[in-house]
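> I'll drop the sequence and a predicted model, then ask my questions.
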Amino acid sequence: MDNLILKTSFDKGIFPMSTKISLIALLASVLVACKSTGPEKLTTIDGSNFNYDPKENSEFVFGEVASTLQKYAYSDICFELPKRSVANDCMNDQLAYENYVGKRGYYTEKEPLVDYSGYVIKEAILETGERIYIVKSNEYDHVGDNFIALEDYKKYSQFQPKPIVPGANVNVIGYSNISKGQLKVSSQDGHTFSEKEIKAIKKIASSYPERGTRIADLLTTLKVDYDDFEKRTIVTGLPYNNPDSFVTIRIIISDDIVINSFLVVHYEADNWLFVERFSIAADEFRWKSPALQFSRDHSAGTIWEWNTSRLDNENLSLVSKLANASNARVRFHGKKYYNDFELSKTQKEELAKLAEVVRLMNP
């Protein structure tokens, strides 16, 4: 690269100014791309083989990532300590996934560098005998999240699948490669749970000796949020099953007992309807609500209008009719117009599971 020569005729005026600028920009980009060829290879003073010795330093492992992301390699690194910023000096630095996945490294005692974008750059020594600089972020959790603390890596890689509770059909099958620290279950592919949420499901199930296994199986197919501040668990439908308008149940559990459950009807569109009530058509069954108070919000051209009502016996019966109907529809009545939507098969199945949880926990 030191011998690279670009022959031009700038001084003779052969190229117009726009061409000169373009060529200069091209040369700059070539020089940036050729800045470094790889991480520094370490040797001992006497030239003997490198000895990986982390001592008391914190170790990490190059973690696994989803197959679709492996082509992007490990990119949150620098081959040299940045002089200006990660964006300027490390843009093209990366390590091939297949060559480094599962490899260990340790952070040195050198003081981390923080650049003007808030990136934290830590010096690290790899078991391959190379020195690199790991990039983290004070603002974005996903930056550098493929470098997993050794103790966490052992926990993730050594996990053995087991039933969510003894006797349950659903297994906790391991940690997700995509959502770090999140656990996967055998009952679904698209949603994972935090360790606190799995613990909450187990605790709830343990309070119902005769029905706990079924409750645990059902909860693994739903969205379970544990609120550590309020010491309560909130169960509802999964967002990706209800991307637009929907009907769902929200269950609030405290001390492993349902303290409140609500029927939620939600209208989503591009234009306001100013919903005042809703009605349902479940096969031949028809029902219309009284006038209700709907909350409203909007963002980026999308509007939401929704009502939350206590789930009494009548509402629970309405949910069951929607869940069991071949053709289940909801009509939102606005001030001047109305809008219909039909529940999908997945939405009906989810409603049936939510209703069953309510019944099992309130026999």
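Right, received. Where do you want to start? Numbers count the residues shown, from 1 in each chain.

> C-terminal to the strand or helix carrying residue 123, what's the next element?
Per DSSP states H and E, residue 123 falls inside strand 119-126. Sequence order places strand 130-137 as the next helix or strand after strand 119-126, per DSSP H and E.

> can I assume residue 235 is in contact with residue 224?
Yes: with contacts counted by CB atoms under 8 Å, residue 235 reaches residue 224, the gap being 5.5 Å. In short, each C-beta sits where N, CA and C put it, glycine included.

> for stretch 140-160, what is the average pLDDT?
Stretch 140-160 shows a mean pLDDT of 92.

> Distance from the chain centre to it, please.
What separates the centre of stretch 140-160 from the centre of its chain is 15 Å, taken as CA atoms, centre = their mean, to the nearest Å.

> May I see the buried residues of that stretch?
Going by neighbour count (16 or more other CB atoms under 10 Å), the buried part of stretch 140-160 is 143, 144, 145, 146, 147, 148, 153, 156.

> Tell me which of these fall in helices.
153, 156 (DSSP state H).

> May I see the buried residues of stretch 140-160 arranged in TSV, with distance to residue 257 as well?
Output for those, formatted as TSV (distance: CB to CB, whole Å):
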residue	distance to residue 257
143	41
144	42
145	37
146	41
147	42
148	38
153	38
156	33
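
> Just list whatever residues bridge to the nearest residue to residue 58 once chain neighbours are set aside.
Nearest residue to residue 58, sequence neighbours excluded (CB to CB, 6 or more residues apart in numbering): residue 107, at 5.1 Å. For residue 107, the beta-bridge partners under DSSP bridges are residue 124.

> Give me the distance between residue 107 and residue 296.
50 Å (CB to CB, to the nearest Å).

> So between those two, which is more surrounded?
More neighbours surround residue 107 than the other of residue 107 and residue 296, with 17 against 13 (other CB atoms under 10 Å).

> picking up where we left off before, so the residue nearest to residue 58 sits right up against residue 123, yeah?
Yes: at 7.0 Å, residue 107 and residue 123 qualify as touching, with contact defined as CB under 8 Å.

> quick one: the helices in the stretch 151-300 of the chain?
195-206, 212-219 (DSSP state H, counting those that start in this stretch).

> winner for burial among these?
With neighbours taken as mean count of other CB atoms under 10 Å, these reach their highest mean count in helix 212-219, at a mean of 22.

> who's in contact with residue 230?
Contact analysis of residue 230 by CB atoms under 8 Å, 6 or more residues apart in numbering lists residue 254.

> swap in residue 109?
Here residue 109 is in contact with residue 57 (criterion: CB under 8 Å, 6+ apart).

> any idea how far it lies from residue 125?
Separation of residue 109 from residue 125 (CB to CB) stands at 11 Å.

> same thing with residue 202?
Distance of residue 202 to residue 125, given as CB to CB: 40 Å.

> Same check on residue 51?
Taken as CB to CB, the span from residue 51 to residue 125 is 11 Å.

> And those two? Which one has more around it.
Taking other CB under 10 Å, residue 51 and residue 125 do not tie; residue 125 has more neighbours (21 against 8).

> I figured the more buried one was touching residue 39, is that so?
No: counting by CB under 8 Å, residue 125 stays clear of residue 39, with 10.1 Å between them.

> what touches both of the two?
Contact criterion CB under 8 Å, 6+ apart; residues shared by residue 125 and residue 39: residue 131.

> quick one on the thing from earlier: so residue 235 and residue 224 - more neighbours on which side?
Using other CB under 10 Å as the criterion, residue 235 and residue 224 rank with residue 235 on top: 25 against 22.

> Who is the closest residue to that one other than its chain neighbours paired with across the strands?
Nearest residue to residue 235 in three dimensions, chain neighbours excluded: residue 251, at 4.2 Å (CB to CB, 6+ apart). Per DSSP bridges, the residues bridged to residue 251 are residue 235, residue 261.

> if I look at residue 203, how far off is residue 38?
Going from residue 203 to residue 38 by CB to CB gives 50 Å.

> what does residue 219 give?
For residue 219, the distance to residue 38 - CB to CB - is 49 Å.

> which ones are touching residue 213?
Applying CB under 8 Å, 6+ apart to residue 213 gives the contacts 165, 166, 167, 168, 169, 205.

> my bad, residue 293
Contacts of residue 293 (CB under 8 Å, 6+ apart): residue 307.

> Check residue 303 too.
268, 269, 270, 271, 272, 296, 297.

> What score does the residue nearest to residue 212 when sequence neighbours are not counted have for pLDDT?
Nearest non-adjacent residue to residue 212, counting by CB to CB, 6+ apart: residue 205, 3.6 Å away. Residue 205 carries a pLDDT value of 95.

> my guess is residue 205 contacts residue 216, does it?
Yes: counting by CB under 8 Å, residue 205 touches residue 216, with 3.9 Å between them.

> where do the contact lists of these two overlap?
With CB under 8 Å, 6+ apart as the test, residue 205 and residue 216 both reach 164, 165, 168.

> Buried among the residues you listed? Need that as a selection in PyMOL.
Entered in PyMOL, the line below selects the buried ones among the shared contacts of residue 205 and residue 216, by 16+ other CB under 10 Å:
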select buried, resi 164+165+168
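
> Distance check, residue 131 against residue 320.
64 Å.

> same question, residue 75
Taking CB to CB, one finds residue 75 at 51 Å from residue 320.

> Equivalent analysis for residue 134, please.
54 Å.

> ok, the two, which is more surrounded?
Using other CB under 10 Å, the more surrounded residue of residue 134 and residue 320 is residue 134, with 20 against 16.
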